[in-house]
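Student: have a look at this fold, sequence not included:
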């Protein structure tokens, strides 16, 4: 699937983005979602009581689920994990109610103001992001501003999937602010828009760890196992995150007018499962080939409907073993998808 993202503002001057985070999540099921995080330079906010940004996404529809993650980042433990730095103190922008925003004071990095945003769908695959800066402007200490939210598409993966006989392939092709990828029908709309300047772009792909990386982007920084306990605390109330099944692939690029991240992963499917299927098919075919010759051994030839009551006990034993093996083999998969379906309905409601 095409992942073309355009971040732009309605103001005359370009908004300076210090860090832009994009984090895709994909699971064994078709369920997936993507997080967006944005740190805005404080100089871009001067003199504004409100700031409106727009995020254009090629696949965005009103059926998609969107949610602001301010409440998750308000938690100091989650912010310590996301920003990889200890939080020494937190200042409220509204006297302790913490609805208008907070300022985290970190041990090593500069202070950061976490603000809630209002997300609204607009025509032509666009999501508007509105930021209220009134409480922020009343502060003596005005650090950079950060917000984060996620979008959950309905019924499709974020990656391009290619299924083969012996392997599956996942392709991630993410583009941010590449003007040549603007849809022709939206060219006029983008003529007077100011694409945001992005200083550093961080791309995270979180996917099942059964996949092997076949091609990595030159910006690859590291690959690691998902920290389940930390992510569960961060997103556990919103998304069911499976344990010991996911890995994180991290890429980063700096100081470009547009960003592209491309990688390929494969999953070899020839293994014990395929051999078990082959054995089961061989047994079933053997039974089916035996029945015609068995019917003809009777004079007159036995009718097909009557043959099942006169088969040798060995055939019934083979049929029982086939059914038992299928149940044992498919039970974990059926259990997993049943659990995923129940949890999907639970989180959706």
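Tutor: Yes, it's here. Everything numeric in this text was worked out from a predicted model, so none of it was measured.

Student: gap between the residue in the chain sticking out farthest from the centre and residue 110?
Tutor: Relative to the centre of the chain, the most outlying C-alpha is that of residue 299, 65.0 Å out, by Cα atoms, centre = their mean. With distances taken as Cβ to Cβ, to the nearest Å, residue 299 is found 94 Å from residue 110. (Glycine included, C-beta is placed from N, CA and C.)

Student: ok, residue 103 next?
Tutor: Shown here: residue 103 relative to residue 110, a distance of 11 Å by Cβ to Cβ.

Student: before we move on, what about residue 178?
Tutor: Distance, residue 178 to residue 110, by Cβ to Cβ: 30 Å.

Student: show me what the helix or strand that contains residue 200 is packed against.
Tutor: When secondary structure is defined by DSSP states H and E, residue 200 falls within strand 197-208. In terms of contact count using 3 or more Cβ pairs under 8 Å, 6 or more residues apart in numbering; DSSP states H and E, strand 197-208 is assigned the packing partners strand 16-26, strand 167-176, strand 246-254, strand 259-268.

Student: of residue 178 and residue 110, who's got more company?
Tutor: The residue with more neighbours, out of residue 178 and residue 110, is residue 178; 15 against 11, by other Cβ atoms under 10 Å.

Student: give me the nearest residue to the more buried one, chain neighbours excluded.
Tutor: Closest residue in space to residue 178, ignoring its immediate chain neighbours: residue 258 at 4.3 Å, by Cβ to Cβ, 6 or more residues apart in numbering.

Student: between residue 103 and residue 110, which contacts overlap?
Tutor: Residues touching both residue 103 and residue 110 by Cβ atoms under 8 Å, 6 or more residues apart in numbering: residue 143.

Student: what's near enough to touch the residue nearest to residue 186 when sequence neighbours are not counted?
Tutor: Leaving aside its sequence neighbours, residue 186 sits nearest to residue 124 (Cβ to Cβ, 6+ apart; 5.8 Å). For residue 124, the residues meeting the contact criterion (Cβ under 8 Å, 6+ apart) are 56, 185, 186, 189.

Student: distance of residue 124 relative to residue 320?
Tutor: Residue 124 sits at a distance of 60 Å from residue 320 (criterion: Cβ to Cβ).

Student: please parse the protein into its domains.
Tutor: The chain breaks down by automatic domain parsing into domains covering 3-268, 272-348.

Student: among those, which is the most enclosed?
Tutor: The highest mean neighbour count among the domains of the chain, using mean count of other Cβ atoms under 10 Å, belongs to domain 3-268: a mean of 16.
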